[in-house]
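J.: Sequence unavailable; structure follows:
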């Protein structure tokens, strides 16, 4: 995104995001959302955004990223139902991102978030989940994620297992067993099943 476009978006977002900001400020989620905003800035890692004041960073994220709005709606679950419904109309969430989690700790980052289902018992603090991830249940239960866990794009984490603190799940990995603290698990590398005959035309 160009600097001029970002400046224009930020100016509009500062006005547009005010009702959502006020709703968060009056809720019991204000401190947790503040930690979310700080963590998103660290994960995005763009100095121009990190230098903004707290409200401007919240407004930018709310205006630019539906994934962030989805997380804010999750944080506002204790707000009165009519207010929550109104806010969802005014600030549409990412329609293909589902957060069905018993509890999510502060500082939760969702990168892209398209086609992502997160159905866990609990998620700790400072976690990072990418797009097209499935975290879900089987007949025995749902996963638990510790602190500082990262789940790469396309990964599948299923069942009553635990991803312990600082575990990393690689792209497209399928995980059905506990992952120890600090461990990294990855999917098998692609394997060639057959070699093209010599002299075949290249597509």
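T.: Yep, it's here. Please read all numbers here as calculations on a predicted model, not as lab measurements. Residues are numbered from 1 along each chain as shown.
J.: Ranking helices and strands of the protein by mean pLDDT, which lands last?
T.: helix 3-16 (a mean of 87; mean pLDDT, DSSP states H and E).
J.: Just checking, which helix or strand succeeds it along the chain?
T.: Scanning forward in sequence from helix 3-16 by DSSP states H and E, the next helix or strand is helix 18-25.
J.: and the residue sitting nearest the centre point of the chain, what are its phi and psi?
T.: The chain has residue 110 as the residue nearest its centroid, 1.7 Å off, counting by C-alpha atoms, centre = their mean. For residue 110, the backbone dihedrals are phi -120, psi 110 (criterion: degrees, to the nearest 10).
J.: And the closest residue to it other than its chain neighbours, what's its pLDDT?
T.: Spatially, and ignoring its direct neighbours in sequence, residue 110 is nearest to residue 67 (4.3 Å; C-beta to C-beta, 6 or more residues apart in numbering). The way it works is simple: take the backbone N, C-alpha and C, and place the C-beta from them, glycine included. On pLDDT, residue 67 comes in at 98.
J.: for residue 87, same thing?
T.: pLDDT at residue 87 comes out at 98.
J.: tally of neighbours for it?
T.: 20 (other C-beta atoms under 10 Å).
J.: and whichever strand or helix holds it, which residues are buried?
T.: Take DSSP H and E as the rule and residue 87 turns out to sit in helix 81-90. Neighbour-count burial for helix 81-90, counted by 16 or more other C-beta atoms under 10 Å, picks out residue 87.
J.: After the helix or strand containing residue 60, which helix or strand is next? Please name it.
T.: Applying DSSP H and E as the criterion places residue 60 in helix 54-64. Toward the C-terminus, helix 54-64 is succeeded by helix 66-75 as the next helix or strand (DSSP H and E).
J.: Centre of the chain to that following helix, how far?
T.: Taking C-alpha atoms, centre = their mean, to the nearest Å, the mean C-alpha location of helix 66-75 is offset from the chain mean by 9 Å.
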